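Peer 1: generate coordinates for the sequence data below:
(chains A, B, C and D, ligands or ions: 7)
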Amino acid sequence: MSEEYKWGMVVDVDRCTGCQACVVACQVENNAPLSSEESFQRRRPMQWIRIERYWEGEYPHIKARFLPLLCQQCGNAPCEPVCPVYATYHNREGLNVQIYPRCIGTRFCANNCPYNARFFNWVEHQWPPVMANYLNPHVTVRPRGIMEKCTFCIHRLHRAQRQAKGEGRVLRDGEVQPACVQTCPTNALVFGNLKDPNSRVSSMVQDERHYRLLEELGTEPSVVYLKKVVPGGRAS
Amino acid sequence: MALTRRQFLKVAATSTVGAVAFVACSTPQDEFLIQSPVKMPEDLVAGADNWYASVCRQCPAGCGTIVRVMEGRAKKIEGNPLHPINRGKLCARGQAGLQALYHPDRLRGPRRRVGERGSGQFEEISWDEGLSLLLSRLKELQGKGQADTLLMVTDPVDGHLALLVKRFLRAFGGQHLVYEPMEPTTLTTSLQRTFGQDLIPHFDLENTQFLLSFGADFLETWLSPVAYGVGYGQFRQGNRRRGTLVVVSPRFSTTAASADEWIPIKPGTEGVLALSLAYVILSQGLASPQVAQAMTGGAGVGALESFRPEAASTITGIPARDITRLARDFAQQRPSLAIGGGPAAAQSNGLFNLSAVFALNFLVESVGQRGGVLNNPSPAIPDVGPASYNSLADWVGLEERLRTGQPRPVNLLLTRNANPVYGLPSQFASALSRVPYIVSFSSFMDETTAKADLILPGHVYLEEWGNSVPNPGPGFETIGWQQPVVNPVGDTRSFPDVLLALAQGLGGETERALPWSTFRDMLWEGAKSLHQRGSVRAADFESFWIGLLQRGGWWDTTARGGQQTTKAPVLPREPRLPSFSGEGDFHLILFPSISLGDGRGAHLPWLQGTPDPLTTVAWQTWVEMNAQSAQKMGLQEGDVLAVESPVGVVEALLYLHPAIPPGVVAMPMGQGHDAYGRYAQGRGANPLSLISLPKDSDNGSLAWAATRVRIRKTGQRVKLAKLEGFVTPTQLPGTEIVPEAQVTR
Amino acid sequence: MASSQEVTRHLLGGGRGRSPSFWLLVGVLTVLFGAGVVGLIIRLQGGFHERSVWGYYAATVAYLLTITQGAPLVAVALRLTKADWRRPVTRAAELFTVVGVLNFFLFLPLLALVPSAQGRSTVWLQWPWGAPHVWDTLAWALLVLCGLALLYTSVLPDVAAARDGATGFRQRVSAWLASHWQGTERQWRVQRGGLVLLGVFYLMLFVLVHTLFSSDFAMSIVPGWKDAIFPPFHALSGLQSAVAVTVVAMYLWRRAEGQPYLGRDQFWALSKVLFALSLLWFYFWFAQFLTMWYGRLPIEQTLLQLLMVGPYRVPFVLAFSLNFLVPFFILLWNPARKSILGPTLAATSILVGTLFDRIRIYVSAYSVEESAAHILEQVPATRLPDGVDILMVVGLVAGAVLFYVLAARLIPPIAIWEVKEGLYLRVERLFLRKGVSVVGKPE
Amino acid sequence: MQERRDTSFPQINQDLLRGVIKTPIWFWLVLGALGMVVLGGAGAMGYLFYVGLGLTGLNWPVMWGAFITTFVFWVGISHAGVMLSAILRLTHAEWRRPATRAAEVLTVFSLATAALFPIIHVGRPWRALYWIFPYDFARGIWPNIRSPLIWDPAAIFTYLTGSSLFVYIALLPDLAAARDHTTGWRHTLYSVISLGFRGTARQWRLQVMGGILLSALILPVFVSVHSIVSWDFGMTMAVSGWHVTIFAPYFVIGAVHSGVAAVVTLLALMRWVFGWQDYIRREHFDALGRLMLVVSTAWLYFFFMEFLFALYSGESAEIALREMQVFTPPWSYFFITFLLTAYFIPVPLWLFRGVRRSVPLMFLTSLSVNIGMWLERFLIFVPGLARKQVFTFDWYTYRPSAVEITIIAASFAVVALGVLLFSKFFPLVPIYDVKEGEVFSTRIEVGRRKVPAVVREE
Ligand SMILES: Nc1nc2c(c(=O)[nH]1)N[C@H]1C(S)=C(S)[C@@H](COP(=O)(O)OP(=O)(O)OC[C@H]3O[C@@H](n4cnc5c(=O)[nH]c(N)nc54)[C@H](O)[C@@H]3O)O[C@H]1N2
Ligand SMILES: Nc1nc2c(c(=O)[nH]1)N[C@H]1C(S)=C(S)[C@@H](COP(=O)(O)OP(=O)(O)OC[C@H]3O[C@@H](n4cnc5c(=O)[nH]c(N)nc54)[C@H](O)[C@@H]3O)O[C@H]1N2
Ligand code: SF4
Ligand code: SF4
Ligand code: SF4
Ligand code: SF4
Ligand code: SF4
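Peer 2: Ligands and ions are numbered 1, 2, ... in the order given. A predicted model of the protein is given here:
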């Protein structure tokens, strides 16, 4: 395990407006295939981060709650032991990483991900030739038949770390951000190093509103949520 | 006490239980050493990337961007962290800009019409040929003394481009119309009347305590969503007490979803509610006596007698008790801020509604205060201001002019990135066809460009120069600077450059009015007046210019808007009620899609594939109808419904919405394109075609939320393309997916 | 080969029960049983406020249920499969039904400790108050009654024989019991059919009681313990112990009376069944353990801690060794299987192992705090037996043996009619120059 | 119990080798028909491999569907072979004799067919190579032995090897018989593969010992195979409906339930097709019926436990899953159909001796069981995934596509074709075993009745 880094994210549900900026940003950054109409109708859209919307109450006293969901980068990731070929494993910085060329497409890992954070390439994805110009050279374009999921934009981390290492230092807080975090207008997403006691995430995970999804499963997610606030006592 | 795997193994090994089996099942030490067995591209990529600062043009808000460019290709657009509007953030539409740049259906070079108009048959020509064709037309007009029959229709243009267009037309002659489907003229007029300002003020929601929105969907598409998004985040969980948001709106919008309380209201009665709040505030003595005197014209609260909560309750459909409570909260939790827009404005009484709403800010003394309404200063460079807009009235006038040829016909139409044929009622499209010659400078084949005789395609914003004066601004002088980040992808030319080239070709006064050979030169010169102050400090102008481009703009945080010039308005004594067109059972509320906007984003697959935050539907046009009332009518999700208004019928898919009021149906704008590339064409329906022309009775803008419709089942059913699953998603009892915290900070 | 008359005479007569050692045994057992009852009374005086002190008692009841009430099934199963070697075995097994009566009464105090079905996880889901109390008692009572009926049906022809052959008290009792038995064709048919029907019914009740007892009296008590394989495992353990206890009983009969009928055939055949059941025991155990371990859910890890590797790991390891490892390694070898001692040792090991297994399950469950929490957060400390516990365990087990011994005093411990029937169906023939016994398969 | 007709050994040879020696017209017709279906399936499979798994109805989060269901189904069917042969052989059940070969052959073909499905399921079979074959020696990366998907191929291939050997050893005497009844190339073929079996005492002893040893060795494999298959699901803690301790025995007993039923179906067909009324007799169906009564009822108990304890937990996702199974159409219809066809129609019928001894009824009821047992797996796998966790937003459903259905239908044809072709080359009823039964059975007189009897083998 790395001495210096353990990456984590804080999602403040009280800030999130469901605006989908993070969703598009992730797709742009990570060469996600275009999610066609059919892909939605057949329920195969590729969204490493997605905004789930839950209804609460009944009209007119109804609320919608937005929940940004991405791979929780579980410390004790159930997706890992079931992969027969070690295509998904734990790296030194506590991330659950996916080796595309090894994956044989059993989809066992997806079944064993309680957060439904894993997405499968059901078809070979294509871009009109000119569109391929925007593809990010730092991220593999995934062929059909393999599994993929949020990587915490590991290529950004790697590049920033390599640069910092060249300069003989560790990364500063906020120096590197995943695409979703970078764009989130409301700053509902915050990313950082949990091993750094002075980082923003380290202090935010102490917030009294913090919770983790399905904590009772023992997956030890690296994504910590902050609860939606309801003004005390107000009848909705 | 949790048992870790390691502990367990230890225990297991000390027991006589077959240790071999457990060692075999445990994590081999090697697992942690395994690294990628193949070199991933991220390890291989050679070369560095460049980041260029520029401006987002996906909507008029004018956010600053930085664009990552590698090997000459734009790879990613991010928010410019220095830019005061968006502070490093972008919305979904801003993120998707790359697809406009590298769109497979971009117009890649000049074309001339060969078939019937509208048949879509064009032949490719060279720029020289295209330019000379246009030049000869212009010269012909000039020669015949018909220069005033030139009409230019553009999207909202601002900064130096607006100046350029203005100068060109002033020198040559002709009219300029700005087309913006969601034209904010009602808003700007009411703001002008209430605050005495031409510019939209800075609504300081970051610092407000109580935010009351009457249909202003500021978290979606209203004015400057990213700026408000950043502010909203601070408003919720900044370093201060958490602000309260109440949304009053006839439809449960995404903004309403984020509110602490959503108050459904009968369409078009927002002004009545606002005045009723005023009544409560005044009658309960929650406003200062001076303000009370001023705003009632000295008559006291008696002047507002017709807005007593009981009376307002029957008009608005909101219980009197709630009105009183809301008024007290609004008056007491200061600083408070009231904003209005969207469906409240798009009514026959829109101006009345918005004026009443904005007036509330005077009542709680938020005008000119932190956390309230702050003036924006006039543009840093004189004459180089934000975009101006035309209202529906202007378009109706144009239609009449085209039809009758009176007072003057239109002989040449130049259009750029404006698509009135898509957004305006159909009589406009047929009138447009009477123009003898149409030239389009748009980058994409849209419905209007399809009618053109000559296409001289412009750059996409990532390829061209420009600057932007955001409106609303951040409360101080700000200009965003837009530079090309990549070489042009196709054989296109920047519209301002073409205008300058035309001016040169025309010579004479036009050439004198526009003495620059490229738009960049014009900008260069224009920037000179900014040199000595503001955010970019440099000894010489050369370095200043570089600094300006590096920062993506210029701002001067000390150059703030002046004090309020107008006094508090006198509140009206009588309610003005809305009138609707159509007789149906349902009130139709349209709303711009958070991803496609009014339809401008429909050509980008990223935006098409972005689920609507509330319904999670993508790629389609749906009708939001109250789930229970729909089920009572025997309707099911995905039923193809015919929505009939007095002027049209469109078909769209039913979405069973648990939160929309029973008598209301809502539809997103943005789909239903006949042209506009492979991803937009022939997809969904354009609900704007249901809107007849009820105008705001005061300023004549389009009342697109004032139509009543009939709903008919067609018998077909199509599967909704949505992200949510099989059941209506709710939190199951005893589970903590989106738990609530009762804490107040 | 003895003739049929000799068989009857031999099995009815003989010196059974008259020897002083028999009476000594009865005496010792009675004293022990009395001590056990005293222990129970002491416990009862402590009341039911504290559940944890009842752990060893619950384990004992479960143990007696497990090892004795399955034994009749050995008889049922063997009759159903018409194995010819079964004939001398069945009665030794089905005699254990009488112990069920004792077990039933021992079970009753535990009812006070069952949590109600409301507000916690039980197999009764949302049933009304008292569901476990009512239905568990009913099921258990039915099991005992069904067992007695089964025994009666099986014993009837023999009792009739005793009526005709015995003297004195036994003759009078026998005469009363078998008053209507004439041995007509129809009566035989009814008797056979009755044995089958009652047997099937007994099997169902047996599984039911194990299911209910294991869930209501163990699982429901531990928050978060939800384990579908546990009731079948409990029942399976009952079957394993049933065969084991039958083997042990057979061995003791042989030792005590030199039974010529209980020979290598029987031990060998039963040892194979025992081997198979021990493998199955391991299989169920492993499936349960593997699933919980692999899931790595915190709740399951805590349960593992409680049930398998935590404070009760000593009984756990003992149970695993004695219920599986020892019998497995003994019975793996054919010579051991074919011997008398091998199966007996394996069976004894299983009987001891099962006691530890029930202690592991019930004492650990009963030492969990009663709390409203849905999840087991704190693994309790080990609870060692105190004097009263030891009195109860030893005494009550002795009581069970006492019941059995006394029953065998009244009822022929080998089914005379069944052995005689076997004699009819067996013929010695010459086959390929070799003398073999040919067994008839009617029906 | 032995209601046989005394038959001479040459007659037995002639009867049981009939299928091998004669090739009636129906054989070619059936062969052609099955071949067409198999070709259709192969085409669909090729199309699937070429285009990708997009052609299936699988989705997010139902990533396993009809292929996996069918995989488990065929593994289940394959359990009958060993169940009947090994256990019955070890326990000397007389009535096993005519059924063993068919059961074993069914095992081999259904298992081989089952093994195809995981490979189809991954969509790009060429990549699956290093799933079972660790090619990446250089970096020291071996397959992840913690994954049940590594246990799976190991178990299945062991079982396949074992059961093939089993068939082969049991086949030796019959191959020798076939050798002696054929001429030409067939004779040569049988000569080679009968390994010089001449029926000497030593050869017989070795053959019998081999059979018994294999029986004993294969039994743990038999139990482990379906347990391991069940652990593909049981280990999946994220799917609350799958993470159940009872899965292993529940799957095994379910497999036996469906496997024995399949053997009954096959025996009925053999009896009609080859006219083997004298060999596959009503008493055999009777015995199998009794066996199925016990097995199915035990299975029902496990099923009930599984269901009960799902509700017992009171977990929302678990309850939602049950709600989907039981109340949400079309799953509710599947559920009712499954319960009726897998248990509540056939099993009560088997209580009647008349039914057990009626070949058509046994044929129909055993078919019914397997309809139900396919649905049973489908109902476990799909709703489990469709209601995986409490994220109700993600809940979905699944419908197999035409391509999936075609491939699955073809898998039935593959098994049928396999058995049919086998019957063309080898006797489907073990000749020597039947003869042995003939030798060991006799009659004795009990009173005035003559009772069938067996000579005990030891
Ligand atoms: N992402 C990205 N990919 C690119 C390009 C890009 O700009 N961006 N550029 C493309 C272009 S233009 C090119 S030319 C290729 C270059 O791609 P490559 O031809 O792969 O070039 P190098 O990366 O320099 O690797 C050459 C290898 O030769 C080894 N080597 C060095 N000297 C000698 C020698 O004397 N003898 C031998 N036998 N080996 C030697 C080096 O150690 C190195 O392993 O990459 C292409 N790929
Ligand atoms: N340090 C170092 N130097 C090297 C090499 C190395 O590996 N390391 N490799 C050497 C080799 S093998 C080569 S081939 C050269 C390559 O050297 P260059 O030819 O300089 O290659 P690039 O830097 O990849 O790209 C050239 C320019 O083209 C622009 N460009 C990209 N796409 C387009 C387009 O569509 N239109 C237009 N007009 N411009 C575009 C890019 O923005 C960039 O500025 O470098 C050589 N020099
Ligand atoms: S969220 Fe899912 S994919 Fe991500 S580490 Fe956890 S189990 Fe694996
Ligand atoms: S889908 Fe790929 S990553 Fe997932 S378990 Fe299978 S091989 Fe491993
Ligand atoms: S961290 Fe990166 S990969 Fe993960 S959701 Fe955000 S943008 Fe996508
Ligand atoms: S960008 Fe931020 S506010 Fe918008 S949906 Fe994502 S997390 Fe929520
Ligand atoms: S708000 Fe408008 S300008 Fe700002 S990022 Fe979004 S689309 Fe671009």
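Peer 1: B:Arg325 - how many residues pack around it?
Peer 2: Neighbourhood size, B:Arg325 [other C-beta atoms under 10 Å in any protein chain shown]: 16. Every residue, glycine included, has its C-beta placed from N, CA and C.
Peer 1: report the residue spans of chain A with pLDDT below the cut-off.
Peer 2: Applying pLDDT under 70 to chain A flags residues A:232-236.
Peer 1: quick one: D:Ala262 is in a helix?
Peer 2: Yes - under DSSP: H, G, I helix; E, B strand; the rest coil, D:Ala262 falls within a helix.
Peer 1: neighbours around the residue nearest to it when sequence neighbours are not counted, how many?
Peer 2: Of all residues not flanking D:Ala262 in the chain, D:Ile77 sits nearest, at 4.7 Å (C-beta to C-beta, 6 or more residues apart in numbering or on different chains). When neighbours are counted by other C-beta under 10 Å, D:Ile77 registers 29.
Peer 1: kindly report the same for C:Trp85.
Peer 2: By the measure other C-beta under 10 Å, the count of residues near C:Trp85 is 18.
Peer 1: does it really touch C:Ala269, like I thought?
Peer 2: Yes - using C-beta atoms under 8 Å, C:Trp85 is in contact with C:Ala269, at 4.9 Å.
Peer 1: in the stretch 1-150 of chain D, what residue comes closest to ligand 6?
Peer 2: The nearest approach of the stretch 1-150 of chain D to ligand 6 comes at D:Trp60, 19.4 Å away (C-beta to the nearest ligand atom).
Peer 1: do the same with the stretch 51-200 of chain C
Peer 2: Here the stretch 51-200 of chain C gets closest to ligand 6 at one residue, C:Ser121, 37.2 Å apart by C-beta to the nearest ligand atom.
Peer 1: OK, contacts around the residue lying closest to that residue once chain neighbours are set aside?
Peer 2: Nearest non-adjacent residue to C:Ser121, counting by C-beta to C-beta, 6+ apart: D:Tyr312, 5.2 Å away. Shown in contact with D:Tyr312 (C-beta atoms under 8 Å, 6 or more residues apart in numbering or on different chains): C:Ser121, C:Thr122, C:Val123, C:Leu125, C:Ser215, C:Lys226.
Peer 1: that's a helix at D:Tyr312, yeah?
Peer 2: Yes - going by three-state DSSP, the assignment for D:Tyr312 places it inside a helix.
Peer 1: got the contact list for the closest residue to ligand 7 within the stretch 101-250 of chain C?
Peer 2: For the stretch 101-250 of chain C and ligand 7, the shortest gap (C-beta to the nearest ligand atom) falls at C:Gly224, measuring 48.7 Å. By C-beta under 8 Å, 6+ apart, the residues touching C:Gly224 are C:Ser121, C:Ile299, C:Thr302, C:Leu303, C:His374, C:Ile375, C:Leu376.
Peer 1: would you confirm that the second one contacts A:Glu215?
Peer 2: No - C:Ile299 is beyond contact range of A:Glu215, at 11.5 Å (criterion: C-beta under 8 Å).
Peer 1: which one's more surrounded, those two?
Peer 2: Comparing C:Ile299 with A:Glu215 by other C-beta under 10 Å, the one with more neighbours is C:Ile299, at 21 against 12.
Peer 1: residues in the stretch 51-200 of chain B within reach of chain A, list them.
Peer 2: Contact residues, the stretch 51-200 of chain B versus chain A (C-beta under 8 Å from any C-beta of the partner chain): B:70-71, B:73-79, B:86, B:88-92, B:94-96, B:98-99, B:101-104, B:106.
Peer 1: buried members of these into PyMOL, please.
Peer 2: This is how PyMOL selects the buried members of these, with burial counted by 16 or more other C-beta atoms under 10 Å in any protein chain shown:
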select buried, chain B and resi 70+73+74+75+76+77+78+79+86+88+89+90+91+92+94+95+96+98+99+101+102+103+106
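Peer 1: residue boundaries of the helices in chain A?
Peer 2: For chain A, the helices defined by DSSP state H occupy A:21-29, A:37-41, A:108-111, A:154-166, A:179-183, A:200-204.
Peer 1: mind naming the longest helix for chain C?
Peer 2: Longest among the helix segments of chain C by residue count, using DSSP H, is helix C:131-165.
Peer 1: buried residues in it?
Peer 2: Within helix C:131-165, the residues that count as buried by 16+ other C-beta under 10 Å are C:131-132, C:135-136, C:139-144, C:146-163, C:165.
Peer 1: nearest to chain C: which residue in chain A?
Peer 2: A:Gly218 (4.0 Å; C-beta to the nearest C-beta).
Peer 1: let me have the contacts of D:Tyr312 in CSV, extended by distance to B:Pro457, neighbour count and secondary structure.
Peer 2: Listed next are these as CSV, based on distance: C-beta to C-beta, whole Å; neighbours: other C-beta atoms under 10 Å in any protein chain shown; DSSP: H, G, I helix; E, B strand; the rest coil:
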residue, distance to B:Pro457, neighbour count, secondary structure
C:Ser121, 69, 23, coil
C:Thr122, 74, 22, coil
C:Val123, 73, 22, coil
C:Leu125, 69, 12, coil
C:Ser215, 75, 28, helix
C:Lys226, 67, 23, coil
